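*Asks:* quick one: sequence plus predicted model below, questions after.
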Amino acid sequence: MSKQTATLFIQCLVDSLRPEIGDAMVHILERLGVPMHYPPEQTCCGQPAFNSGYRAEATKAARRFIDIFEDSEIIVCPSGSCVHMVRHHYPELFKDEPGMLVRARRVAARTYEFTEYLVDVLGVTDPGEELGSRFNGTVTYHDSCHLARGLGIRRQPRQLLGNIPGLTLVEMDESDRCCGFGGTFSVKYPEISTAMVDDKVKTILETGADVVSGCDVSCLMNIAGRLSRIGSPVRALHIAELLAGTGV
Amino acid sequence: MHETNEKTYSELAREAVGNEELHAAIRMIQDRIGRGTRQLWKTEISPELRARAKAMRMRTLEHLDVVLATLAENIRKQGGHVYFARTAEDASRYCLEVARKNEVKRVVKGKSMTSAEIGVDPLLEKDGIEVVETDLGEYILQLAGEAPSHIIAPCIHMNRRQIGRLFQEKLGIPYSEDPPTLTKAARKALREKLLTADMGLTGCNLACAETGQVALVSNEGNIRMATTMPKVHVALMGMERVTSTLAEHETLLRLLTRGAAVQKISTYVSFVGGPRQPGEPDGPEEFHLVIIDNGRTDILADPRFREVLACIRCGGCLNICPVYGRIGGHAYNATYTGPIGSVVMPLLGGVNDHADLCRGETLCGACKDMCPVNNDLPRMLSELRHMLAYGDETWDVTPVDKTEAVAFKAWAAAMSSRKAYDLLVKSGRLLQAPFVRKGVLKHGVGPLGKWTADRDFPPIAKQTFAERWNTIHAKRLKEDGDA
C-alpha cells in the first residue's frame, strides 16, 4: 500500500530548542516507509499570540501556515497544542471570512498529532517490531492539556509507550493536571507557574520513574527546567525520542 | 464589591504559594470533592444530562425577561414583594429601606455572595444594624474580619488551630481545636442571634418561575432558621439565577449539589416564596425578593459571554483548577474567585480592573471539563484577553500592556518569513552564549529572567531542525530513495 506523503509541521520550539525531537520523528517515519516532505518556509502556527489575545498577529501566522500547508496530503506535528491551534482555533479565526474558512477547515482536517497519526492513521501497534524501539527503564506519562482535553488524545501515547520492549509505564497521580506552563503565563506569573510545576514534579518523583514523557515539548521543557534546577536525575523526553530510541 | 487588598495579583499569589497550610487545605478539598465530582461525571451523570442542563439554561436566558416576569408575578400572588434592582446601590438601598421600615436591629444572613457583590453589609452596619453571618464558615470569617476564599467552603484557608484561637478570643471560650467543640460553641452563639433577629438576609441558589419560589441549599440548617424565624426575609438573587420550570429547577439543583460537594442533594434544601400563609406555623411576616442586574444585562447582550450566565455557582471549577489550587481565593481579590471569578469579575467589575484575572490562568481546560453546565471558561478568558490586547469599546476596555503589544508585533514580523525567523534564532544563539552552563540557561535575559529564577531553560540548539533537514535528512532520504 502506498502511503500518503507526510508533511512535517515542526513547531518552533522543537525547531529551535529541541531539534532532536524532529530527528526522532523523521527516523520513525522513515522506518515505517512514509514519504516525507518538509516545507522550509514554516515558522510558527501563531498559538503564543492567540493565547495572549493578539488575534490579528495570530491570524497573520495562521494565514501563512495555511498558504504553506494547504496542498499537503497529511500534516504531522510532534506537538498537541499546535495541532489544537490549527484544528480548533484556525476555523474560529476565519469564521467571518468564508474563503479562508474553507481553506482553514481543509488544513485542520488534515493535521494530526504525531502519536494520533501513528496509532489512528498508520495503525502502529507494536513499536518494538514495527519501529525497532527499545527502552530499558521506567517511564511516566504527562497528559498535556491541549492534547488530552482539547484533542482527546490520551489512549494513543499510552498504547505506544506501553508496547515498547523493556519499558515499564507507570501512571503518575493526576497525569492530566496542568504543569503550569501555559505559554506566556509562565513568563507573566512565574510564581504561580513554578508552584504548579512543583506539584507536577512531585507526582512524577513519586512514581520512581527514570523518565517523564509526553507529546508536547513546551510542557516537557517546563518540567525538565524544574527537574534540572532541583538537581533531579529524572529526564524529560518526548515520546518520539523514546520511540526512536534503541535501548537508551 | 468585596475587594479591599491593594496588593497586586502577583504579590498576593506569591504570598499564597508560600503558605503551606493553605496549600494543604485546598489540596484536601480538590482531592476529595474535585476528584469525587469528576468521578461522578464519568460514572453516574451522563454527558447528555449536562448538555441538556446547559440547553435548558440557555433557553431560559434567551427568554429571561418573560421568565423573570413570571417569577415576580407568582411571588406577588403569594403575598411576597419583588424588587428589580438595576445597580448594586439600588439593591442595597432597597434592603436598607426594608430594614428601616421594620425597625430592624439585627440581621441574620444565610450564605450569599450576592450580598458581598452589592456591598449591603456595610450599608446596614452604618445604619446601626447588627449583621451576623450564620453559615459556620462565613461566621468564622466575620469574626476574623476576613473575606471568603471559596464559593462553598468560604474559610478553607483557615485551619482548626487558627479557628480555635479566634473563638477563644472572640467568643470567650477555652481554647480548643476539636471541631465538634468549636462547632457547638458557634452554634450556641448563633442560636442566640437567630432567635433574636428581626430580619433574615439570604441569597438564592436558584429560583423557579413556574412555582414562584427560591431554593436555598445548605448543609447546616442555618438557612431555614434565617428564612423562617425573623419577621422579615429578604432574598437576593442575580437576575440569571432563575429556572423556567420545576423540572429544570430540579435537574439543576441536583447538578449544583453534585458539582459543589459530590452530594446527590444537600442536607437541607429550603423552598421559600412568600410570607407565612394563614394557618402556617412558621415563616416570615414579610418576604422580599431582590432581583439584581448590576451589569448582567450587558453580559446577556454579548453573545461572546452570554453563556457565563448559565453558571449555577457550584464552585466545581475551583475544586479542579490548578491555579486556584495553588493560590487560593484571596489572591483573586474579588467577590467571585477561581476560574468562574476570572471570567465573571472582569465582566461585572471592569475588564481593565481585573486584567490579571483574565491573564492569570493557563487555559488548561480542567474547569470546562468539570462544569456541570459545560461553560467554556477558557474560551471566554481568551475573548477577554483579546479585548485587553486591542481594547474594546462595548466593554470600555483599553489595551493593557504596551510592551507586550509591541513584542507581539515584532514576533509576528519575525514569524512572517523564514529569513526573519532564522535571524531571530541566530541572534538568540549569540545572546545566550555567555549564559549557557552545562547545557542549560540558568539566567535568562528579558522576559526569561523571571522564568529562570526557579527553572532552567534549554538553550537554542546549535542547528535548527530546518538546518538539519537540509544538511542531514533530505540528503539521506534522497540517497536511500535513489539506492
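*Replies:* Sure thing, it's come through. In this text, all values refer to a predicted model and were calculated from it rather than measured experimentally.

*Asks:* C-alpha only now, for contacts and for neighbours.
*Replies:* OK.

*Asks:* residue A:110 reaches residue A:75, doesn't it?
*Replies:* Yes: at 5.8 Å, residue A:110 counts as touching residue A:75 under the criterion of CA atoms under 8 Å.

*Asks:* the chain - how does it break down into domains?
*Replies:* Answering for chain A, as no chain was given. Chain A resolves into domains spanning A:6-118, A:125-244 when parsed by automatic domain parsing.

*Asks:* oops, I was thinking of chain B
*Replies:* Listed by the TED database, the domain ranges of chain B are B:1-44+B:315-399, B:64-299, B:417-480.

*Asks:* what ranges do the helices span in the stretch 301-450 of chain B?
*Replies:* For the stretch 301-450 of chain B, applying DSSP state H, counting those that start in this stretch gives helices covering B:322-327, B:338-349, B:355-359, B:366-370, B:377-390, B:402-415, B:418-432, B:448-451.

*Asks:* looking at those helices, which is buried most?
*Replies:* helix B:322-327 (a mean of 26; mean count of other CA atoms under 10 Å in any protein chain shown).

*Asks:* mind listing what the residue in chain B that chain A sits nearest to touches?
*Replies:* Using CA to the nearest CA, the closest approach of chain B to chain A is made by residue B:386 at 3.7 Å. Counting by CA atoms under 8 Å, 6 or more residues apart in numbering or on different chains, residue B:386 makes contact with A:52, A:53, A:54, A:55.

*Asks:* higher neighbour count, residue A:110 and residue A:75?
*Replies:* Between residue A:110 and residue A:75, counting by other CA atoms under 10 Å in any protein chain shown, residue A:75 is the more crowded of the two (27 against 18).

*Asks:* so the more buried one sits in a helix?
*Replies:* No: looking at residue A:75 with DSSP: H, G, I helix; E, B strand; the rest coil, it is strand, so not inside a helix.

*Asks:* can you pick out the most distant pair from the contacts of residue B:386?
*Replies:* Largest separation among those by CA to CA: A:52 and A:55, giving 8.3 Å.

*Asks:* for the residue most central in space within chain A, which non-adjacent residue is closest in space?
*Replies:* Centroid-nearest residue in chain A: residue A:79, 2.1 Å away (criterion: CA atoms, centre = their mean). Once flanking residues are discounted, residue A:79 sits nearest to residue A:216: 4.6 Å by CA to CA, 6 or more residues apart in numbering or on different chains.

*Asks:* and for that neighbour, the neighbour number?
*Replies:* Count around residue A:216 with other CA under 10 Å applied: 27.

*Asks:* now residue B:373
*Replies:* By other CA under 10 Å, the residues close to residue B:373 number 28.

*Asks:* nearest residue to it in space, please, no chain neighbours.
*Replies:* Spatial nearest neighbour of residue B:373, excluding adjacent residues (CA to CA, 6+ apart): residue B:54 at 4.7 Å.

*Asks:* surely that neighbour is in contact with residue B:376?
*Replies:* No: with contact defined as CA under 8 Å, residue B:54 does not count as touching residue B:376 (11.1 Å).

*Asks:* so for these two, which residue has more residues nearby?
*Replies:* residue B:54 (21 against 17).

*Asks:* what's the helix or strand where that one lies packed up against?
*Replies:* Assigned by DSSP states H and E, residue B:54 belongs to helix B:47-62. Under the contact criterion of 3 or more CA pairs under 8 Å, 6 or more residues apart in numbering or on different chains; DSSP states H and E, helix B:47-62 touches strand B:242-243, helix B:246-261.

*Asks:* give the next helix or strand downstream of that helix.
*Replies:* The element immediately downstream of helix B:47-62 (helix or strand, assigned by DSSP H and E) is helix B:64-77.

*Asks:* ok, residues contacting that following helix?
*Replies:* Outside helix B:64-77, the residues within contact range by CA under 8 Å, 6+ apart are B:60, B:81-82, B:207-213, B:239-240, B:242-244, B:273-274.

*Asks:* tell me the mean pLDDT over it?
*Replies:* The pLDDT scores in helix B:64-77 average 98.

*Asks:* by how many degrees do that helix and helix B:47-62 diverge?
*Replies:* Inter-element angle recorded for helix B:64-77 and helix B:47-62: 80 degrees (by axes from the mean of the first three to the mean of the last three CA atoms, to 10 degrees).

*Asks:* may I see the buried residues of helix B:64-77?
*Replies:* Of the residues in helix B:64-77, B:64, B:67, B:68, B:70, B:71, B:72, B:73, B:74, B:75, B:76 count as buried by neighbour count, 16 or more other CA atoms under 10 Å in any protein chain shown.

*Asks:* equivalent analysis for stretch A:159-169, please.
*Replies:* Residues of stretch A:159-169 classed as buried: A:159, A:160, A:161, A:162, A:163, A:164, A:165, A:167, A:168, A:169 (neighbour count, 16+ other CA under 10 Å).

*Asks:* can you redo the residues you listed as TSV with distance to residue B:127, secondary structure and pLDDT?
*Replies:* Compiled in TSV, the buried residues of stretch A:159-169 are given as follows (distance: CA to CA, whole Å; DSSP: H, G, I helix; E, B strand; the rest coil; pLDDT from 0 to 100):
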residue	distance to residue B:127	secondary structure	pLDDT
A:159	67	helix	98
A:160	69	helix	98
A:161	68	helix	98
A:162	69	helix	97
A:163	72	coil	97
A:164	73	coil	97
A:165	76	coil	96
A:167	71	strand	97
A:168	69	strand	98
A:169	66	strand	98
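
*Asks:* quick check: of these, which lies closest to chain B?
*Replies:* residue A:159 (21.4 Å).

*Asks:* so what's that closest one closest to, chain neighbours aside?
*Replies:* In space, residue A:159 is closest to residue A:125, 7.4 Å off (CA to CA, 6+ apart).

*Asks:* that neighbour and residue A:161 touch, don't they?
*Replies:* No: Residue A:125 lies out of contact with residue A:161 (CA under 8 Å); the separation is 10.2 Å.

*Asks:* which helix runs longest in chain A?
*Replies:* In chain A, taking DSSP state H as the definition, the longest helix is helix A:190-207.

*Asks:* what's that one packed up against?
*Replies:* helix A:185-188, helix A:217-229, helix B:9-17, helix B:322-327.

*Asks:* quick one, that helix and helix A:217-229 angle?
*Replies:* Here the directions of helix A:190-207 and helix A:217-229 differ by 80 degrees (the same axes, to 10 degrees).

*Asks:* re the thing from before, what would the contacts of residue B:386 look like in a markdown table with distance to chain B and neighbour count?
*Replies:* Converted to a markdown table, the contacts of residue B:386 look like this (distance: CA to the nearest CA, whole Å; neighbours: other CA atoms under 10 Å in any protein chain shown):
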| residue | distance to chain B | neighbour count |
| --- | --- | --- |
| A:52 | 6 | 26 |
| A:53 | 4 | 23 |
| A:54 | 6 | 25 |
| A:55 | 7 | 24 |
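
*Asks:* in helices, which of those appear?
*Replies:* The members of the contacts of residue B:386 that map onto helices under DSSP H are residue A:55.

*Asks:* any chance of the contacts of residue B:386 in a markdown table, plus pLDDT?
*Replies:* Converted to a markdown table, the contacts of residue B:386 look like this (pLDDT from 0 to 100):
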| residue | pLDDT |
| --- | --- |
| A:52 | 97 |
| A:53 | 97 |
| A:54 | 98 |
| A:55 | 98 |
